[in-house]
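Engineer: fold the following, please.
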Amino acid sequence: MTAPLLNQRDLAFVLYELLDADELTKRPRFAEHSRETFDAALETAHDIARDHFLPHNREADEREPWLEDGRVETVPAVKAALEAFSKAGLMAAHADAELGGMQLPWVVAQACMAYFQGANVGTAAYPLLTIAAANLVNAFGTQEQKALYLTPMLEGRFFGTMALTEPSAGSSLGDLRTTAEPTPEGHYHIRGAKIFISGGEHELAENIVHLVLARIRGAPAGVKGISLFLVPRRLLDADGRAGAKNDVALGGLIHKMGFRGTVSTILNFGERDRCVGYLVGAPGQGLACMFHMMNEARIGVGMGAVMLGYRGYLESLEYARGRPQGRRPGEKDPTRPPVAIIEHADVKRMLLAQKAYVEGSFALGLYLARLVDEKMTAPDDGRRREAGLLLELLTPIMKAWPSDWCLEANRLAIQVLGGYGYTREFPVEQLYRDNRLNAIHEGTNGIQALDLLGRKVVMENGAAAKLLMAEIERACEAAKAFSALADHARALRAAAKAAKATTRALVAGRFTRGVEAFLANASVYLDMLGHTVVAWMWLKQATVAARRLDGASGAERDFYEGKLAACRYFFRWELPKCEAQHALLRRLDPTCLEMRSELF
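Structural biologist: So this is what the prediction gives:
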């Protein structure tokens, strides 16, 4: 028996009880919707994920994309699944009605996407990238570019990629060498190589729209000289359909530890000096435009990490309930039947840790999606601005923290299954391998940490950080009404106060000890603040659960009590880890910074 893709009761709890998603239907953009239409979209997503994505997850892992007669081939079920996704209108679930979209709130659209990420993250990567690329074209493209490319992308006929990384530059985008030469016809000739391009070459769609960072001839060095170009795999004919192949060549396929169902490529642009690209946005603004897609993709990566951890948790939970082994401590009678391993305290510990990591991160991911809706549709400028600031601050945490701690959930899932977990007979080993990528792509977790501490925390004189602390204080005040949560509220207040003091110490050290010392422990800072933020998410969930517990019975009561237990675990076992991190960070410890390379 296969475990569910996620706990649907938890999904309903987060969407409607925690985030009040149905309140959005009062706003003009979503006025045609109701909770019933939201639930119908979620049900459709669940069914397609279960029936079309999940069944080939193992097959696509075992038979990763391959070259055949110069074409990149995938197992047939991948294309069939993506066609089902597109035909259901899910590629355009969030898009404007005039573009053929459902105009769903982003929080509901991301809840729909969570099913696909849990069922088959490799196949889900294609629509995830395409939706993000379409949103970028919609935000920065010319009217002609939108007319030619946006609708086919939202229909699922054209897929999208982002082409940033180069073999010699890696994450240092300021060092990229891809060039763009203006032509008399008004387009550009692109020349260069890109690596680790997910979805870069395949036969799954009529066309692929590559969004490529390059430097126009004569542009300055560094990031200020970078522009963004739309480079189609196939040029369009007079009717707007995919025609002759553009000068984009496959340089090779990359074979990975996990995420094997997603084609990963090396692409060569302009080997014949005829690669046509179209400028998107203003010259020199390429990185600013691309961050529109990158930030969306980073939240998507975080949600992918959550859902892989969530699947592992549910698989190990089901196994633990059905696997009899051993007896309770103190039981000496060998003729007594063994108990299910879920009755053993250490197995409960591993399951509870997984629940705390994945359900806390899941709530955070949908909270960020709700912020996107606030930024777009809140009735006043102040709320829209605040939502934007919180999004900026929390995006690196959402990308990195689940990539680390939901991977830890996957490790624990394997451990619950013991030797069976290490075999390919059960899905938990693949979930671990797939999730290991999420700490790397769309900006490594180290880069997210540098972004958080070096930019986001200090931007606008700490405005976003102050907003976060105000939101945490609001949650603590609400939790005080329940005696069972009073200690948690005090602990979170103390953690927030410590985070502010640590941040002040680090910022002061930036001026007294230098930027390198300031950033040397940025990864520890991200983990500390991530733990504090997830504790906040748990306190918010626990407050809702405590409020509803008195009137609940049966399975509903069990659900709310489970929320309270997971919150208790996080506050007793996880949040205290921050104390040692604060002490380390405030010292601006130079150990790693001072380690000379020749000493390794």
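Engineer: could you pull out the strands in the protein for me?
Structural biologist: Counting by DSSP state E, the segments of the chain that form strands are 66-68, 71-73, 158-163, 179-182, 188-198, 207-216, 226-232, 234-236, 242-245, 248-253, 264-269, 276-280.
Engineer: for the last one, name the packing helices and strands.
Structural biologist: So the one you mean is strand 276-280. Packing partners of strand 276-280 (3 or more Cβ pairs under 8 Å, 6 or more residues apart in numbering; DSSP states H and E): helix 121-140, strand 188-198, strand 207-216, strand 226-232. Every residue, glycine included, has its C-beta placed from N, CA and C.
Engineer: could you rerun that using 10 Å?
Structural biologist: Under the contact criterion of 3 or more Cβ pairs under 10 Å, 6 or more residues apart in numbering; DSSP states H and E, strand 276-280 touches helix 121-140, helix 143-145, strand 179-182, strand 188-198, strand 207-216, strand 226-232, helix 286-322.
Engineer: with the third one instead?
Structural biologist: Here strand 158-163 touches helix 121-140, helix 151-155, strand 188-198, strand 207-216, strand 226-232, strand 264-269, helix 286-322, going by 3+ Cβ pairs under 10 Å, 6+ apart.
Engineer: circling back to that earlier point, how about the helices and strands packed on strand 276-280, which one is nearest Gly419?
Structural biologist: Among those, the nearest to Gly419 by Cβ to Cβ is helix 286-322 (12.1 Å).
Engineer: so what's the gap between that closest one and the chain middle?
Structural biologist: 5 Å (Cα atoms, centre = their mean, to the nearest Å).
Engineer: stretch 361-375 too?
Structural biologist: Taking mean C-alpha positions (Cα atoms, centre = their mean), stretch 361-375 and its chain are 11 Å apart.
Engineer: quick thing: my sequence starts at 44, can you match it?
Structural biologist: From this message on, residue numbering opens at 44, which makes the last subject stretch 404-418.
Engineer: picking up where we left off before, tabulate the helices and strands packed on strand 319-323 (a markdown table), appending mean pLDDT and distance to Gly144.
Structural biologist: Shown next, in a markdown table, are those (pLDDT from 0 to 100; distance: least, Cβ to Cβ, whole Å):
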| stretch | mean pLDDT | distance to Gly144 |
| --- | --- | --- |
| helix 164-183 | 97 | 10 |
| helix 186-188 | 96 | 18 |
| strand 222-225 | 97 | 32 |
| strand 231-241 | 97 | 24 |
| strand 250-259 | 97 | 18 |
| strand 269-275 | 97 | 21 |
| helix 329-365 | 95 | 16 |
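Engineer: OK, contacts around Glu402?
Structural biologist: Residues in contact with Glu402 (Cβ atoms under 10 Å, 6 or more residues apart in numbering) are 49-50, 53, 56-57, 349, 352-353, 356, 577, 580-581, 584, 605-606, 609-610, 613.
Engineer: correct me if wrong: Arg364 contacts Ile385.
Structural biologist: Yes - the criterion here is Cβ atoms under 10 Å, and Arg364 meets it with Ile385 at 5.2 Å.
Engineer: overlap of the contact sets of those two?
Structural biologist: By Cβ under 10 Å, 6+ apart, the residues touching both Arg364 and Ile385 are Leu394.
Engineer: coming back round to it: quick one: the helices and strands packed on strand 201-206 as TSV, columns for distance to Leu549 and mean neighbour count too.
Structural biologist: Shown next, in TSV, are those (distance: least, Cβ to Cβ, whole Å; neighbours: other Cβ atoms under 10 Å):
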stretch	distance to Leu549	mean neighbour count
helix 164-183	32	25
helix 194-198	42	21
strand 231-241	32	22
strand 250-259	31	25
strand 269-275	29	26
strand 307-312	36	22
helix 329-365	23	25
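Engineer: out of the strands of the chain, which is closest to Leu85?
Structural biologist: strand 201-206 (24.1 Å).
Engineer: coming back round to it: looking at the helices and strands packed on strand 201-206, which is nearest to Arg547?
Structural biologist: Among these, the nearest to Arg547 by Cβ to Cβ is helix 329-365 (26.7 Å).
Engineer: returning to what we had before: adding distance to Asp65, write the helices and strands packed on strand 201-206 out as TSV.
Structural biologist: Shown next, in TSV, are the helices and strands packed on strand 201-206 (distance: least, Cβ to Cβ, whole Å):
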stretch	distance to Asp65
helix 164-183	23
helix 194-198	25
strand 231-241	35
strand 250-259	35
strand 269-275	37
strand 307-312	39
helix 329-365	21
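Engineer: for PyMOL, write the selection for the buried entries among the contacts of Glu402.
Structural biologist: This is the PyMOL syntax for the buried subset of the contacts of Glu402, where burial follows 16 or more other Cβ atoms under 10 Å:
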select buried, resi 49+50+53+56+57+349+352+353+356+577+580+581+584+605+606+609+610+613
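Engineer: now, which of the contacts of Glu402 lie within helices?
Structural biologist: When DSSP state H defines the helices, the subset of the contacts of Glu402 inside them is 53, 349, 352-353, 356, 577, 580-581, 584, 605-606, 609-610.
Engineer: in JSON lines: those, plus distance to Asn338.
Structural biologist: JSON lines is the format used below for the ones in helices among the contacts of Glu402 (distance: Cβ to Cβ, whole Å):
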{"residue": "Asp53", "distance to Asn338": "26"}
{"residue": "Val349", "distance to Asn338": "17"}
{"residue": "Gly352", "distance to Asn338": "22"}
{"residue": "Tyr353", "distance to Asn338": "23"}
{"residue": "Tyr356", "distance to Asn338": "27"}
{"residue": "Val577", "distance to Asn338": "20"}
{"residue": "Met580", "distance to Asn338": "20"}
{"residue": "Trp581", "distance to Asn338": "25"}
{"residue": "Gln584", "distance to Asn338": "25"}
{"residue": "Gly605", "distance to Asn338": "33"}
{"residue": "Lys606", "distance to Asn338": "30"}
{"residue": "Ala609", "distance to Asn338": "29"}
{"residue": "Cys610", "distance to Asn338": "29"}
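Engineer: ok, these vs Arg553, which is closest?
Structural biologist: Closest approach to Arg553 among the ones in helices among the contacts of Glu402 (Cβ to Cβ): Val577, at 26.4 Å.
Engineer: can you give me the pLDDT of the closest residue in space to that closest one that isn't next to it in sequence?
Structural biologist: Leaving aside its sequence neighbours, Val577 sits nearest to Gly403 (Cβ to Cβ, 6 or more residues apart in numbering; 4.2 Å). On pLDDT, Gly403 comes in at 98.
Engineer: okay, now Gly403: neighbour count?
Structural biologist: 28 (other Cβ atoms under 10 Å).
Engineer: list the contacts of it.
Structural biologist: Taking Cβ under 10 Å, 6+ apart, we find Gly403 in contact with 349, 444-445, 448-449, 573-574, 576-581, 584, 609-610, 613, 617.
Engineer: what distance do you get for the residue lying closest to Ser566 once chain neighbours are set aside to His335?
Structural biologist: In space, and not counting its chain neighbours, Ser566 is closest to Ala492: 4.4 Å by Cβ to Cβ, 6+ apart. As judged by Cβ to Cβ, to the nearest Å, Ala492 and His335 stand 22 Å apart.
Engineer: quick one: contacts for the spatially closest residue to Ser270 that is not a sequence neighbour?
Structural biologist: Closest residue in space to Ser270, ignoring its immediate chain neighbours: Gly329 at 4.2 Å, by Cβ to Cβ, 6+ apart. Applying Cβ under 10 Å, 6+ apart to Gly329 gives the contacts 183, 207, 216, 219, 223, 254-259, 262, 266-272, 322-323.
Engineer: how is the protein divided into domains?
Structural biologist: If you go by automatic domain parsing, the domain ranges for the chain are 51-198, 201-327, 488-635.
Engineer: make TSV out of the ones you listed and add distance to Glu435.
Structural biologist: Listed next are the domains of the chain as TSV, based on distance: least, Cβ to Cβ, whole Å:
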stretch	distance to Glu435
domain 51-198	16
domain 201-327	18
domain 488-635	6
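Engineer: which one of these lies nearest to Met393?
Structural biologist: Of the domains of the chain, nearest to Met393 by Cβ to Cβ is domain 488-635, at 11.3 Å.
Engineer: skipping its backbone neighbours, what lies nearest Glu599 in space?
Structural biologist: Closest to Glu599 by Cβ to Cβ, 6+ apart is Arg591, at 8.0 Å.
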